[in-house]
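A.B. asks: Sequence plus predicted model, see below.
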Amino acid sequence: MYRKPEPEPLPYQRNLKVRLPQGHLLISTTRLMVTVHHFPSPRAEPDYTIRFMVSDNPELAQLLHPIEGWDFIGLVKFLWRKIDMLNHLDLRDEKLRSELGLRTVSSPSQKPQRQEKRPAEQAMAMIREHVLNHPFCTRLEIARAIGRSKSPYLLAQIEWLVMNGTLARSIQIRANGAIEYRYIVVDDAGH
């Protein structure tokens, strides 16, 4: 006689990443709580963290199935409502936080400062100096060396130096098929 095996419960500790127009949320779940980290950009530190306790949120407790685990669609809808509401409230008030079922809320960290604008000539001189000291460096290495992001503006400056004859570009195809650009400084003695 065949017996249908009992379903094994899914693990309660799960992570879910939700993309937003500005950044993303990382939702970590356990049987007791849901933790939400908001990241303003992919490589940034979280600017706030919110923990929702299942015991303090009856609506949240309904989203936790004993065998199937968390209902992630319902969980995202729940968090969307809560976080949208939280964006309009002052979470420093301890009484308000306890009424909302929030145990721990970290204060928003200091947002990273915007990159300081440099004159184009200064940035190009820094690019040239780095490539002179580190021949055959990539665009990313140049960007990191001068403390900038690999933005279209920086790439345009590098390409302008190539068109101007200050730098020479070599193109390599990596093993995965990606194109890699490497740069060297053209010898000034030849001019």
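C.D. replies: Received the coordinates, thanks.

A.B. asks: C-alpha only now, for contacts and for neighbours.
C.D. replies: Will do.

A.B. asks: Can you name the element that comes right after the worst-scoring helix or strand of the chain on mean pLDDT?
C.D. replies: Least confident helix or strand of the chain, by mean pLDDT, DSSP states H and E, is strand 102-105 with a mean of 48. Next along the chain after strand 102-105, taking DSSP states H and E as the criterion, comes helix 120-133.

A.B. asks: ok, and what's touching that next one?
C.D. replies: Contacting residues not belonging to helix 120-133 are listed as 137, 142, 145-146, 157-158, 161, 166-167, 183-185 [Cα atoms under 8 Å, 6 or more residues apart in numbering].

A.B. asks: now it: how far from the chain's centre is it?
C.D. replies: In this view, helix 120-133 has its centroid 29 Å away from the chain centroid, taken as Cα atoms, centre = their mean, to the nearest Å.

A.B. asks: Ok, stretch 34-52 next?
C.D. replies: 9 Å.

A.B. asks: and what of stretch 19-32?
C.D. replies: How far stretch 19-32 lies from its chain's middle: 12 Å, per Cα atoms, centre = their mean.

A.B. asks: which of the residues in that stretch are buried?
C.D. replies: 24-31 (16 or more other Cα atoms under 10 Å).

A.B. asks: Can you tell me which of the residues you listed is nearest Lys150?
C.D. replies: Nearest to Lys150 among the buried residues of stretch 19-32, counting by Cα to Cα, is His24 at 20.8 Å.

A.B. asks: Hmm, Ala44 and the closest one touching each other?
C.D. replies: No. Contact criterion Cα atoms under 8 Å: His24 and Ala44 do not qualify, at 10.5 Å.

A.B. asks: Between these two, which contacts overlap?
C.D. replies: By Cα under 8 Å, 6+ apart, no residue touches both His24 and Ala44.

A.B. asks: Please list all residues in contact with the residue nearest to the spatial centre of the chain.
C.D. replies: The structure's the chain has its C-alpha centroid closest to Pro42; by Cα atoms, centre = their mean the separation is 1.4 Å. Residues near Pro42 by Cα under 8 Å, 6+ apart: 23-24.
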